[in-house]
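Asks: Quick one, structure for this:
(chains A, B and C)
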Amino acid sequence: MDRIKTKNFSLEHTLECGQVFRYSKRDDFYYLVAGGRVIQLRQEGEFLYYHGASEKFIRTYFRLDEDYERIVKELKKDRHVAKAIEKYSGLRLCRQDPWECLISYICSAASNIPRIKGNIENIARNFGKKIALNGFESHSFPEPADIKELCTIKSCGCGFRSGYILETAKKTGREKIKGLRCLPYEDAKKELMELPGVGEKVADCVLLFSLGFDEAFPIDVWVKRTMEKLYFRGRKTSIKDIRKFALEKFGRYAGYAQQFLFHAERNG
DNA sequence: CGTCAGGTAGCCA
DNA sequence: TGGCTACCTGAC
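Replies: Coordinates of the predicted model:
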């Protein structure tokens, strides 16, 4: 295995904070399916051992070349986020594939992590290509044009989201989604929300986890609860007001704040 | 065996 | 704009 020396990076917190679905742990290794291949990973201290991908891919995917300290310093001004950062230090947002990220988060609507993971694996098995590494078998995530029949999508356990997946696959393409990087945040978000099954929350997830919009602040039930508890004296607050508050408070790194708070809330 | 889920779309005041 | 509710089905 190759290795890179890292700083301010936790493989465990990064993979298990809920942003990524296609990973699993087996015999002290993490197996991540990304970029059309299986990647074997393991962290020992500051060294990240990897196999199945280039160093460049690893650095890009985990955003290792970014100035983490600067982001953290900025966010630690808030005591609640500071507490979460202490506990989950080294958690980094990833640069996922935008197309896969889009479909994954369409699947996430009114669902739960085990089911979402299953949905995505099934979609890959039905429409993707077989891939393997060191005995770990999986399937690459399919191209938009390869996701075809509604009944096959339904057989993946996607339920009422199946129609959204099919229509979104028809309506958009890889390049189209990737191209949103060039737009201002609000415009990119508006474009995404034109797609069926994509509302504010899913759009923000795609913008944050795959397109590098760190100001995106996805608000799901967990984040809503947490924000109400920490900043609104436990009062019921509209998503609109929470978003406004978050953007003013956390600014350009709101997404990082969201991910720390989300992870801390779900794990205690 | 019921309940509820990492939301969205559609309809109505 | 703001507040409902139905929507599939599998985890718990």
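Asks: Please work out how many residues are found near A:E149.
Replies: Close neighbours of A:E149, defined as other Cβ atoms under 10 Å, add up to 12. All C-beta spots, glycine's among them, are computed from the backbone N, C-alpha and C.
Asks: do A:Y88 as well
Replies: For A:Y88, the neighbour count with other Cβ under 10 Å is 19.
Asks: got it, and A:N122?
Replies: Going by other Cβ under 10 Å, the residues that sit close to A:N122 add up to 18.
Asks: Would you mind listing the residues in contact with it?
Replies: A:S155, A:C156, A:G157 (Cβ atoms under 8 Å, 6 or more residues apart in numbering).
Asks: run the last query once more with 6 Å
Replies: Taking Cβ atoms under 6 Å, 6 or more residues apart in numbering as the criterion, A:N122 is in contact with A:C156.
Asks: Following element in sequence after whatever helix or strand it lives in, please.
Replies: Taking DSSP states H and E as the criterion, A:N122 maps to helix A:113-127. Downstream of helix A:113-127, the first helix or strand assigned by DSSP H and E is strand A:130-133.
Asks: Give the pairing partners of that next one; include direction for each.
Replies: Strands that pair with strand A:130-133, judged by DSSP bridges, come out as strand A:136-139 (antiparallel).
Asks: buried ones in the helix holding A:N122?
Replies: For helix A:113-127, burial by neighbour count (16 or more other Cβ atoms under 10 Å) applies to A:I116, A:K117, A:G118, A:N119, A:I120, A:E121, A:N122, A:I123, A:A124, A:N126, A:F127.
Asks: Any part of that helix near DNA strand B?
Replies: Yes: residues of helix A:113-127 contacting DNA strand B under Cβ under 7 Å from any atom of the strand: A:I113, A:I116.
Asks: Can you see whether that helix contacts DNA strand C, counting any residue in it?
Replies: Yes: with Cβ under 7 Å from any atom of the strand as the criterion, DNA strand C is reached by helix A:113-127 at A:P114, A:R115, A:G118.
Asks: From those residues, pick the one nearest DNA strand B.
Replies: Checking these against DNA strand B with Cβ to the nearest atom of the strand, the nearest one is A:R115 at 7.5 Å.
Asks: residues in contact with the closest one?
Replies: A:R115 makes no contacts at all, as judged by Cβ under 6 Å, 6+ apart.
Asks: Backbone dihedrals for the closest residue to DNA strand C within the stretch 51-200 of chain A, please?
Replies: Closest contact between the stretch 51-200 of chain A and DNA strand C, by Cβ to the nearest atom of the strand, is at A:G159 (2.1 Å). When quoted as degrees, to the nearest 10, the phi and psi of A:G159 stand at phi 60, psi -140.
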